[in-house]
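>>> test case, fold it:
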Amino acid sequence: MYVTPFPSYPPTEPRARTAFRLVTCCVPVEKGERSVKRQTLILVIIGVILFVAGSAIAYASVQGASKHASGTNVVAPVSTSAVVAKADIPAGTTGQAMISSGLVAIELIPTKSYQATDLGSLTGLNNEVLTQAVTKGHALSATELTASTSSISVPTGLDAVTVTISGTNGLAGYLQPGARVDVYANITKVSTASSVTSTLPLPCTELAMSNIQVLDVQSTVPSFSGHRSSAGRTIPASETLLLAVNPGNARNIEFLSQNETVSVVQTQQDANPPPLQQCIGTDQTTAAP
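Below is the predicted model of the structure:
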């Protein structure tokens, strides 16, 4: 019996199984793409969050630094440098003597007690002299200084003479160097050798000399209108004046300042001044002794 052999065809699978295999092979690819997209989206969101957070931190830091800087600009210093007395310094001490003797030094003082006229450096003492005594720990002020006598020149033909009078008789601190004054004397004593002792009224006042130049004054006091305070304006107890006079007036002022009461009046060189050396008492006029 002859048997015809079957052709050698490769085995085949049913169509349904083939389709199923195609479907199942593609499913993992779609799931992988979704997973990658999800991870990418998450990373983008995290990046945005980090960017926003970093920007917020940087902005806050800049604002904080700006506030700190502006705050330090408006805060006034608690102390200020000033020239301070290291010991009690008498009036008449020159700036050079204060520096060379170590009587002053640059120190920090509370800003609230610092005045605009206080000296901030030792150079402010050059060619200056104290017009009033200062105590230890006191900050030196320009109002307490005047030009040193080394810079004062006496006019040719005149003498320089000092006279110490009470503060009120010396114009209560208003008098300034360079002013012109009339010198008055209040006479209370009469020489026993005088021939006019019986007719001279006592006490009496005379204009001893007129239009005298003031070279220097011991102290000046600012006017009350510019320095109002509950304590009022300070009047010096005494005042020493440096006057430029001719030799004859120098003798007169020496005698009067030693034996009588002397006062000065600031003059504008009046057209009709009182007569010189005429002693005027109560309703009486006579020649000076």
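
>>> can you check which strand is longest in this structure?
If you go by DSSP state E, the chain has its longest strand at strand 204-217.

>>> buried ones in it?
Of all the residues in strand 204-217, those buried under the rule 16 or more other CB atoms under 10 Å are 204-210, 212-217. Quick note: C-beta positions are derived from backbone N, CA and C, even for glycine.

>>> now the residues you listed in TSV, with distance to residue 34?
Below are those laid out as TSV (distance: CB to CB, whole Å):
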residue	distance to residue 34
204	127
205	122
206	124
207	121
208	121
209	119
210	118
212	114
213	110
214	107
215	107
216	104
217	103
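
>>> and of those residues, the nearest to residue 49?
Nearest to residue 49 among the buried residues of strand 204-217 is residue 217, at 80.7 Å by CB to CB.

>>> quick check, that closest one in contact with residue 131.
Yes: counting by CB atoms under 8 Å, residue 217 touches residue 131, with 7.3 Å between them.

>>> name the residues contacting each of the two.
residue 146 (CB atoms under 8 Å, 6 or more residues apart in numbering).

>>> extract the CA atoms of the longest strand of the chain and return them as PDB.
The C-alpha trace of strand 204-217 is given here as PDB (Å, rounded to 0.1, in the frame of the first residue of the first chain):
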ATOM      1  CA  CYS A 204      29.700 161.100  93.600                       C
ATOM      2  CA  THR A 205      30.400 159.600  90.200                       C
ATOM      3  CA  GLU A 206      32.700 160.900  87.500                       C
ATOM      4  CA  LEU A 207      33.500 159.900  83.900                       C
ATOM      5  CA  ALA A 208      37.200 159.100  84.400                       C
ATOM      6  CA  MET A 209      38.000 158.400  80.800                       C
ATOM      7  CA  SER A 210      36.100 157.900  77.500                       C
ATOM      8  CA  ASN A 211      36.300 155.900  74.300                       C
ATOM      9  CA  ILE A 212      38.700 153.300  75.600                       C
ATOM     10  CA  GLN A 213      39.500 150.300  73.400                       C
ATOM     11  CA  VAL A 214      38.900 146.900  75.000                       C
ATOM     12  CA  LEU A 215      41.700 144.500  73.900                       C
ATOM     13  CA  ASP A 216      40.400 141.500  75.700                       C
ATOM     14  CA  VAL A 217      37.900 140.300  78.300                       C
END
